[in-house]
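Participant: Pasting the sequence and the predicted coordinates here, then a few questions.
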Amino acid sequence: MARQRLRQEDIVRAAIAFIDEFGVQSLSMRRLGMSLEVEAMALYNYVSGREELVSLAVDELIDDLFDDELMQEQPASWEAFLRFVANAMRDLALSHPRMFPLMITQPPEAPWLRPPLRSVRWVDYFLTTLQDYGFSDERTVDAYKAFTSFLLGHLVLEVSAMGIDIASEIDDDAGGGESEGLGDYPTLRRLQTMLADDHSDREFDDGLDDLIERIRATKDA
């Protein structure tokens, strides 16, 4: 029986499965080729090498969020939208705990994008949806930064509690990210400067104040 022709999608999916089982440090073109029952050199017809393969694997999983059951629902409010995105991202992280460190450490498509939502497609969708709910430009950017900070911090703790050593699951060969043109992402293009502004001190203080108020409300309840 003739062997079915490989596709890049098959190779990327095989890489995700391999990393899920063995971790990124064990991934090599030779080992992946063995798992696919092909010579390693055959893989280079579809990807330039291991570095590109890992990047494609991360991109594939992030794009999969659009197919999550939660994301197929129409949220009734911006609050529901944030819950849908957060829970879809959490499900992804817990389903692929060895891939999650790569999602948060692979170089993003633009230096001012924050993990774990690291693709321009996802961030433009996120920002545009908030503006559809009436958020101003400033409030949209503030919400994006606060939301990603919460999501990243919580998921790092939760994945670590599963026994995953975040540091050991980082790809040592990761290179610089390739910037994708923003021509197809008008909201992201318009808010690019605001997204790139560094207000870390203010964001830290605001987040801490919110946490203290939440603890105070619980204590006095």
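Facilitator: It's in. Source: prediction; values computed, not measured. Residues are numbered from 1 along each chain as shown.

Participant: Thr128 - how many residues pack around it?
Facilitator: When neighbours are defined as other C-beta atoms under 10 Å, Thr128 has 15 of them. Placement of C-beta: from N, CA and C, glycine included.

Participant: tell me the SS of it?
Facilitator: The three-state label given to Thr128 by DSSP: H, G, I helix; E, B strand; the rest coil is helix.

Participant: Which strand or helix spans the nearest residue to it once chain neighbours are set aside?
Facilitator: With sequence-adjacent residues excluded and distances taken as C-beta to C-beta, 6 or more residues apart in numbering, Thr128 is closest to Thr187, at 4.4 Å. Thr187 belongs to helix 186-196 when assigned by DSSP states H and E.

Participant: I'd like to know which elements the very next helix or strand once past that helix is packed against.
Facilitator: Note on helix 186-196: by DSSP H and E, the next helix or strand toward the C-terminus is helix 200-219. On a contact count with 3 or more C-beta pairs under 8 Å, 6 or more residues apart in numbering; DSSP states H and E, helix 200-219 meets helix 137-161.

Participant: tell me the mean pLDDT over the helix it packs on?
Facilitator: Averaged across helix 137-161, the pLDDT comes to 93.

Participant: Just name whatever secondary elements the helix holding Thr187 is in contact with.
Facilitator: Packed against helix 186-196, as judged by 3+ C-beta pairs under 8 Å, 6+ apart, are the following elements: helix 120-132, helix 137-161.

Participant: Buried residues, the last one. List them.
Facilitator: Applying a neighbour-count criterion of 16 or more other C-beta atoms under 10 Å, one finds 140-145, 147-148, 151-152, 155-156, 159 buried in helix 137-161.

Participant: repeat for the shortest one
Facilitator: Neighbour-count burial for helix 120-132 flags 120-127, 129-131 (criterion: 16+ other C-beta under 10 Å).

Participant: hang on, the earlier thing: how many neighbours does the residue nearest to Thr128 have?
Facilitator: Neighbour count for Thr187, taken as other C-beta under 10 Å: 20.

Participant: and what of Arg30?
Facilitator: Applying other C-beta under 10 Å, we find 11 residues neighbouring Arg30.

Participant: what's the neighbour count on the residue lying closest to it once chain neighbours are set aside?
Facilitator: Distances taken as C-beta to C-beta, 6+ apart place Ala40 nearest to Arg30, at 4.4 Å, with adjacent residues excluded. Counted with other C-beta under 10 Å, residues neighbouring Ala40 total 14.

Participant: Can you pull the phi/psi pair for Ser77?
Facilitator: Here is the backbone geometry of Ser77 (degrees, to the nearest 10): phi -160, psi 170.

Participant: Contact partners for the closest residue to it other than its chain neighbours?
Facilitator: In space, and not counting its chain neighbours, Ser77 is closest to Tyr133: 7.2 Å by C-beta to C-beta, 6+ apart. Neighbour list for Tyr133: 77-78, 81 [criterion: C-beta atoms under 8 Å, 6 or more residues apart in numbering].

Participant: what's the answer for Ile166, then?
Facilitator: Ile166 neighbours (C-beta under 8 Å, 6+ apart): 101, 156, 159-160.

Participant: sorry, back to before: ok, of the buried residues of helix 137-161, which one's closest to Ala167?
Facilitator: Nearest to Ala167 out of the buried residues of helix 137-161 is Val156 (C-beta to C-beta; 11.0 Å).
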